[in-house]
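**Q** Quick one: sequence and predicted model below, then my questions.
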Amino acid sequence: MSRKKSADPELARRIGRRGMLGVAAGATAAAVVGASALPAAAHSTGQNTGHGGPRTGHGHGKGGVPVLPPGRLGIQLYSLRDKVSTIGFAKVFDELERFGYDEIEFAGYTQGGAGAITLPQLKRLVRNHGLKAIGSHVNYYDDDNPNAYSFAQNLTKVLDDAQALGLEHIGTASAPFRYGSTVDAWKRAAADFNIYGAAAKRRGMKFYQHNHAEEFSFATDRPNVRLYDVLLAETDPGLVYLEMDIYWAYAGQFRFSRTVEGRPAPFDPLRYVLEQPHRYPLFHVKDGVEDIAARDGYRMVDVGDGDIDYQRFISAVNRTPGGRRNHHWQAEHDQPVDSLAFARKSSAHLHALRERR
């Protein structure tokens with residue numbers, strides 16, 4: 001096969017048409033998916049910045065425009081799952097209102113030992129605390145359980161509940177590995193996502209997928225093709241949206257900056273967003289201390305205590321058309337030591353950030 005021809009011309013055409021980045025790095029990788037694929041992103045500064053990208057720091061500065069757009073700070077309730085299950089949504093929302101949050105993202109609609117709650121009651125609690133429910137995470141699939149609460153098994157029920165809560169977005173934090181980790185497997189998963197996106201759109205909602213690090217790994221059958229690029233190329237941009245988790249994107253950058261064959265394959269997560277900002281309405285803001293001995297290159301910490309340059313993301317997205325109006329920022333920590341303290345500190349820190357002059 002000529003090194004200038006694609007093994008999958010249709011995938012190459014889609015990637016080229018939609019302007020995706022980082023499918024492959026260098027001539028060898030470009031030959032796998034076709035010459036139309038754009039090269040992997042490089043930092044515009046030209047400096048060696050490490051896997052976290054050029055950092056602008058977490059300092060507050062003096063004066064200047066707030067980095068955080070007004071009314072756009074949310075929190076993923078997974079970070080507060082221990083409190084939701086013990087003291088319940090109402091008391092958690094009391095604290096979030098006091099901390100200055102604007103929005104919440106659900107990770108389930110039950111409150112464990114705090115007692116049963118109906119969706120109308122939950123919707124009313126959100127509204128009464130001055131909050132807005134912006135989205136929710138639901139499992140993509142559970143093929144061993146036909147009654148599973150997931151998109152694949154119970155799409156209508158999932159969308160009914162999201163609509164009852166008045167959500168604008170309904171999505172999944174499950175990676176698209178339902179059919180495996182080959183290019184064709186991810187094309188099948190992308191076809192599923194297009195179906196869910198079309199169904200959500202008919203109800204006035206947007207379907208989205210939230211990444212972890214593994215989405216940036218490479219296809220097992222074509223080891224120079226990044227799976228995230230397959231997902232973006234094969235999903236309809238009018239039906240399927242993305243929620244970029246900034247921490248996990250940087251972890252993916254650390255883990256998958258080389259192909260399985262050892263060839264350089266750098267990418268900049270922010271470049272994905274800036275190429276198609278309309279596809280990224282939601283973001284997770286979380287922090288980590290750089291630790292190259294750790295699997296992911298970071299150890300997760302409270303927002304403001306680490307080295308992840310989420311301010312770079314917020315500031316850059318703010319400068320896109322409608323950027324300060326059209327995007328939502330959810331603070332998150334997967335395993336906080338004290339979940340309410342994390343929520344309080346994250347809000348104070350993010351509200352204090354100012355653009356550099």
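**A** Now that the structure is in, tell me what you want to look at.
**Q** wait, isn't Tyr140 in contact with Gly171?
**A** No - Tyr140 is beyond contact range of Gly171, at 9.4 Å (criterion: C-beta atoms under 8 Å). Just so you know, the C-beta spots here come from the backbone N, C-alpha and C atoms, and that holds for glycine as well.
**Q** Could you check which of those two is surrounded by more residues?
**A** It is Gly171, of Tyr140 and Gly171, that has more neighbours when counted by other C-beta atoms under 10 Å, with 30 against 22.
**Q** List the residues that contact the residue nearest the centre of the chain.
**A** The centroid of the chain falls nearest to Met244 when counting by C-alpha atoms, centre = their mean (2.3 Å). By C-beta atoms under 8 Å, 6 or more residues apart in numbering, Met244 lies in contact with 211, 269, 272-273, 280, 282-284, 313.
**Q** who wins for neighbours among these?
**A** The most crowded member of those, judged by other C-beta under 10 Å, is His284 (27 neighbours).
**Q** Could you confirm it falls within a strand?
**A** Yes - judged by DSSP: H, G, I helix; E, B strand; the rest coil, His284 forms part of a strand.
**Q** I figured Phe283 hits Glu243, correct?
**A** Yes - the pair Phe283 / Glu243 is scored as a contact, 6.6 Å apart, by C-beta under 8 Å.
**Q** any weak-confidence spans in the stretch 51-200 of the chain?
**A** Residues of the stretch 51-200 of the chain meeting the criterion pLDDT under 70: 51-63.
**Q** And the helices in it, which stretches?
**A** Applying DSSP state H, counting those that start in this stretch to the stretch 51-200 of the chain gives helices spanning 81-86, 88-99, 119-128, 151-164, 183-202.
**Q** Just put these in TSV and tack on distance to His349 and mean neighbour count.
**A** Compiled in TSV, the helices of the stretch 51-200 of the chain are given as follows (distance: least, C-beta to C-beta, whole Å; neighbours: other C-beta atoms under 10 Å):
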stretch	distance to His349	mean neighbour count
helix 81-86	20	17
helix 88-99	11	19
helix 119-128	24	15
helix 151-164	30	18
helix 183-202	33	19
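**Q** can these go into JSON lines with extra columns for distance to Ala219?
**A** Compiled in JSON lines, those are given as follows (distance: least, C-beta to C-beta, whole Å):
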{"stretch": "helix 81-86", "distance to Ala219": "33"}
{"stretch": "helix 88-99", "distance to Ala219": "41"}
{"stretch": "helix 119-128", "distance to Ala219": "39"}
{"stretch": "helix 151-164", "distance to Ala219": "21"}
{"stretch": "helix 183-202", "distance to Ala219": "5"}
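**Q** Surely Val67 and Arg354 touch.
**A** Yes - the criterion here is C-beta under 8 Å, and Val67 meets it with Arg354 at 6.3 Å.
**Q** So for those two, which residue has more residues nearby?
**A** Between Val67 and Arg354, counted using other C-beta under 10 Å, the more crowded position is Val67 (23 against 16).
**Q** check contacts around the more buried one.
**A** Residues near Val67 by C-beta under 8 Å, 6+ apart: 311, 314-315, 318, 350, 353-355.
**Q** Spatially nearest residue to it (excluding sequence neighbours)?
**A** Leu353 (3.9 Å; C-beta to C-beta, 6 or more residues apart in numbering).
**Q** Next, count neighbours for that neighbour.
**A** Leu353 sits with 19 neighbouring residues when counted by other C-beta under 10 Å.
**Q** hey, C-alpha coordinates of stretch 252-264 in CSV?
**A** Taking Å, rounded to 0.1, in the frame of the first residue of the first chain, the C-alpha atoms of stretch 252-264 are listed here in CSV:
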residue,chain,number,x,y,z
GLY,A,252,-4.4,11.3,28.3
GLN,A,253,-1.8,13.6,26.9
PHE,A,254,0.7,12.2,29.3
ARG,A,255,-0.1,8.6,28.7
PHE,A,256,-0.7,8.6,25.0
SER,A,257,1.8,11.1,23.6
ARG,A,258,3.5,8.2,21.8
THR,A,259,2.0,5.4,19.8
VAL,A,260,2.2,1.8,20.9
GLU,A,261,5.1,1.5,18.5
GLY,A,262,6.9,4.4,20.4
ARG,A,263,6.5,7.1,17.7
PRO,A,264,5.9,10.6,19.0
